[in-house]
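S.K.: output the structure for:
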Amino acid sequence: MRFQKGISYTGFRRPRGPGRGDPPYRMSRAAYQARVRNLIGWQRLRGYQQTRHIELEIALWTHRGGEVLRALARRLGLRSHAYCWRVARRYRTGEIPMLPRDEQGLLAMRESLDKPPTRERAVPWWLAREWQSADEIWGCILLTQEQKVQASAELERKEYARGS
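M.R.: Down below sits the predicted model:
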């Protein structure tokens with residue numbers, strides 16, 4: 001694209017081509033909806049936990065070495081060893097703060113990730129709170145009617161368990 005007839009390369013010039021003008025290009029409503037429909041079918045290749053596990057394995061590789069980077073990428077199921085190299089570089093420079101800097105910390109983290117998750121049920125705050133009386137529950141303006149009934153039933157259950 002050098003030395004085109006009638007084009008000056010000195011000084012300021014507006015960029016050529018579609019979509020680079022002063023107002024950004026406009027998209028019709030139909031085109032936008034088509035883009036959104038196409039994105040709905042797109043799914044991630046791996047989830048958040050799998051990505052963290054891969055980063056952890058690459059960080060361990062930086063401490064141990066010994067394995068060829070291409071073999072590591074193949075073992076982790078990655079398409080490219082360049083991703084491993086980028087993650088290793090980010091780990092060495094400290095750009096992944098969630099990973100410990102020493103090998104023992106990384107091993108402990110891997111053990112904790114490999115353990116199956118415990119099935120603890122999350123309890124809403126109005127059930128977890130230690131209410132003093134039913135009047136306090138019914139006087140709380142933050143709760144809905146159903147939440148007040150549930151909290152009152154839980155308070156009665158706790159009082160009954162303490163009494164017997």
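S.K.: for residue 126, grab the count of nearby residues.
M.R.: 17 (other CB atoms under 10 Å). For every residue, glycine as well, the C-beta is placed using N, CA and C.
S.K.: what mean pLDDT does stretch 132-150 have?
M.R.: Mean pLDDT, stretch 132-150: 89.
S.K.: stretch 35-42 now?
M.R.: Here the average pLDDT along stretch 35-42 is 82.
S.K.: which other residues reach that stretch?
M.R.: The contact list for stretch 35-42, computed with CB atoms under 8 Å, 6 or more residues apart in numbering, reads residue 27.
S.K.: do you know how far residue 102 is from residue 44?
M.R.: Taking CB to CB, to the nearest Å as the measure, residue 102 falls 31 Å from residue 44.
S.K.: so what does the lowest-mean-pLDDT helix or strand in the chain touch, helix or strand wise?
M.R.: The weakest-scoring helix or strand in the chain, judged by mean pLDDT, DSSP states H and E, is helix 125-128 (a mean of 81). Under the contact criterion of 3 or more CB pairs under 8 Å, 6 or more residues apart in numbering; DSSP states H and E, helix 125-128 touches helix 145-163.
S.K.: mind checking how far the helix it packs on is from the chain centre?
M.R.: 37 Å (CA atoms, centre = their mean, to the nearest Å).
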